[in-house]
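# Build the 3D model from these lines:
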Amino acid sequence: LLPLMWTAKPELDTLQYLSRFGYGVTGMEPELQLVVEGHREKDGHTRYEIRCALRLKEDSEAQPMEVEWLFDVLPLTWSCWRRLCELRAELHDPVRDEMAGAYEAQFASAPFALRGGLPGTTDRLRLWMAKLAECINGKLVPAKLCAAVFRFLEAPAPEEDE
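Numbers count the residues shown, from 1 in each chain. Below you'll find the model as predicted:
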């Protein structure tokens, strides 16, 4: 069972939500970048800063009149802070479970961070998050999972009329 955060909001269907970022829009090729910038201690816990960027691929073929509104939205950059336990339980584990057998093949070169925040955790998270972005960009992740990742990362979803 996926954490509550991973379930679609009833007022917003998954494809409609993703279209706000350019996904599923004819001729659009959004490209996600996820970078773990570092970490800091706060309230006795280590939190990792994840910087996110969503841009249009250079070779996108959208007609300007079809998606004029999207050019006001992208590029989109934001960041969020997460604890390792949150990253594991609310991001890694659901991604691993949803991707099933494909997970092992895709993430073999980017293992997730070990428990306990041992030395090397930030570097492992950097590799894993970059691989997750690569899987999303390569359309290896189902739409529902992609939307859940965006929600977990607190992506500022543009309103439909923006």
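# for this structure, what spans make up the strands?
Using DSSP state E, the strands found in the chain span residues 30-42, 45-56, 76-83.
# helices or strands up against the helix or strand of the chain with the lowest mean pLDDT?
Least confident helix or strand of the chain, by mean pLDDT, DSSP states H and E, is helix 14-19 with a mean of 88. Secondary-structure packing of helix 14-19 (3 or more CB pairs under 8 Å, 6 or more residues apart in numbering; DSSP states H and E): helix 143-152. For every residue, glycine as well, the C-beta is placed using N, CA and C.
# Now do the helix it packs on against strand 45-56, angle only.
120 degrees (axes from the mean of the first three to the mean of the last three CA atoms, to 10 degrees).
# how about the least confident helix or strand of the chain: buried residues?
14, 17-19 (16 or more other CB atoms under 10 Å).
# Over to stretch 97-113?
In stretch 97-113, counting by 16+ other CB under 10 Å, buried: 98-99, 103, 106-107, 110, 112-113.
# What is the end-to-end distance of it?
17 Å (CA to CA, to the nearest Å).
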